[in-house]
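Undergrad: Here is a sequence together with a model predicted from it:
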Amino acid sequence: MQAEITYKSHGRVTNVASVPQLSPFRYPGGKTWLIPEIRLWLGSQRTRPTRLVEPFAGGGSVGLTALFENYVDQITLVELDEEVATVWQTILSPDARDFAEQIVTFELNAESVNSVLLCEPLTPREVAFRSLLKNRVRYGGILARGACTMNKGENGRGLSSRWYPKTLLRRILAIAERQSQIQFIHGDGIDYLRHHAEDEGTVFFVDPPYTVSGRRLYAHASIDHGQLFQAVRPLICDFLMTYDDAAEIRLLAQLHNLDIHLIPMKSTKHQQKLELLVGRDLDWARTRQDSFF
Ligand SMILES: C[S@@+](CC[C@H](N)C(=O)[O-])C[C@H]1O[C@@H](n2cnc3c(N)ncnc32)[C@H](O)[C@@H]1O
């Protein structure tokens, strides 16, 4: 359970532990905490969309929720990072069960972790296993170069503090069971948007790397935000973008005549952080918001 982040909305604090976790990743910049707003957004669509696309999928938490909670029938996840992509491809392949079994039978200790992380994996499943292990034993789940492995672990429980083999098995098999409803593309999210502007019955949840902190979190963190705004503009269906509250993004939203809305997010360190939602019409978000802002 990811209990470290709480989300304050309408003057209430929602513990994200109450949101079902479906992704095998603990993703830096993951949007599980935003799920209450995502449900509102999906529920506000005039006609039920059949498909949700996440062009910057990461752990895919929004897409998986939309699918498992029956807001849509199909999801498309697009991700550029090869390690992350290989995990998704493995879960959606006939190898999924073996992958899940490998996780539950792995004896986790400093030596076994080091030997996996230092070996050059040969097969896609080995790459997937190493990537998911890295994601679960490194501080903040960061896969990018330079991230450290946990010593004391989060909550002082050592390396295993975020390694829940049975939970991972359950999540992997649940996703694998819905394999026919999930399309994964290892590619560029902006390119995907450019080629799918006319797709009907679709909604796009667009969660690119943050303008500043993204550089530390992801191997692929530098994207041209101006080009991304140009790619979402012609979409014939609805989209929702999320960003850090940066002047550059506010300006781009204004230039493209898009609506913005700030929502508060709180970490355990009680630092108040603000997330900027960008879309064509965010009235659905305002109905929930208190007079906090
Ligand atoms: C903020 S994270 C997405 C987190 C995700 N919403 C979640 O809840 O787990 C942004 C993701 O975009 C990926 N990315 C960066 N540039 C990309 C690109 N051009 N195309 C597709 N994915 C990209 C990064 O590797 C990272 O996984």
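TA: Structure received. Numbers count the residues shown, from 1 in each chain.

Undergrad: where in the protein is pLDDT low?
TA: Residue ranges of the chain with pLDDT under 70: 1-18, 139, 141, 143-157, 213-215, 266-271, 288-293.

Undergrad: near the ligand, which residues of it?
TA: The interface of the chain toward the ligand, taken as C-beta under 6 Å from any ligand atom, is made up of 27, 29-31, 56, 58-59, 61-62, 78-81, 84, 188-190, 207-209, 218, 220, 223. Every C-beta, even on glycine, is put in place using the N, C-alpha and C of the backbone.

Undergrad: switch to 5 Å and redo it
TA: When proximity is defined as C-beta under 5 Å from any ligand atom, the chain approaches the ligand at 27, 29-31, 56, 58-59, 61, 79-81, 188-189, 207, 209, 218, 220.

Undergrad: Now do the same for the most far-flung residue of the chain relative to its centre: helix, strand or coil?
TA: In the chain, the residue that sits farthest from the middle, by C-alpha atoms, centre = their mean, is E111; the gap is 29.9 Å. When classified by DSSP: H, G, I helix; E, B strand; the rest coil, E111 comes out as helix.

Undergrad: separation between it and L117?
TA: 11 Å (C-beta to C-beta, to the nearest Å).

Undergrad: repeat for L258
TA: The value you get for L258 to L117, if C-beta to C-beta is used, is 42 Å.

Undergrad: Compare these two (neighbour count), which wins?
TA: Under the neighbour definition other C-beta atoms under 10 Å, L258 and L117 were set side by side, and L258 has more, 19 against 14.

Undergrad: distance of that one from the ligand?
TA: In this view, L258 and the ligand are 19 Å apart by C-beta to the nearest ligand atom, to the nearest Å.

Undergrad: Then L274?
TA: Taken as C-beta to the nearest ligand atom, the span from L274 to the ligand is 16 Å.

Undergrad: Neighbours of that residue, how many?
TA: Other residues close to L274 by other C-beta under 10 Å number 11.

Undergrad: show me the contacts for it.
TA: By C-beta atoms under 8 Å, 6 or more residues apart in numbering, L274 lies in contact with D244, D245, L262, I263, P264, M265.

Undergrad: Repeat the analysis, applying 10 Å as the threshold.
TA: D244, D245, L262, I263, P264, M265, F293 (C-beta atoms under 10 Å, 6 or more residues apart in numbering).

Undergrad: Mind listing what's buried along the host helix or strand of the fifth one?
TA: When you say that, I think you mean P264. Secondary-structure assignment from DSSP states H and E places P264 in strand 259-267. Burial within strand 259-267, assessed by neighbour count using 16 or more other C-beta atoms under 10 Å, is assigned to I260, H261, I263, P264, M265.

Undergrad: between those, which is closest to E126?
TA: M265 (36.0 Å; C-beta to C-beta).

Undergrad: how many neighbours does the closest residue to the closest one other than its chain neighbours have?
TA: Spatial nearest neighbour of M265, excluding adjacent residues (C-beta to C-beta, 6 or more residues apart in numbering): K273 at 4.9 Å. Residues near K273, counting by other C-beta under 10 Å, number 13.

Undergrad: does K273 belong to a helix or a strand, and which?
TA: Under the assignment here (DSSP H and E), K273 is part of strand 272-279.

Undergrad: Could you export that strand as PDB, CA atoms only?
TA: This file holds the C-alpha atoms of strand 272-279, laid out as PDB (Å, rounded to 0.1, in the frame of the first residue of the first chain):
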ATOM      1  CA  GLN A 272       2.100  21.700   0.400                       C
ATOM      2  CA  LYS A 273       2.600  21.000  -3.300                       C
ATOM      3  CA  LEU A 274       0.400  22.200  -6.100                       C
ATOM      4  CA  GLU A 275      -0.500  20.400  -9.200                       C
ATOM      5  CA  LEU A 276      -1.700  22.200 -12.300                       C
ATOM      6  CA  LEU A 277      -4.500  20.600 -14.300                       C
ATOM      7  CA  VAL A 278      -4.800  21.700 -17.900                       C
ATOM      8  CA  GLY A 279      -7.700  20.900 -20.200                       C
END
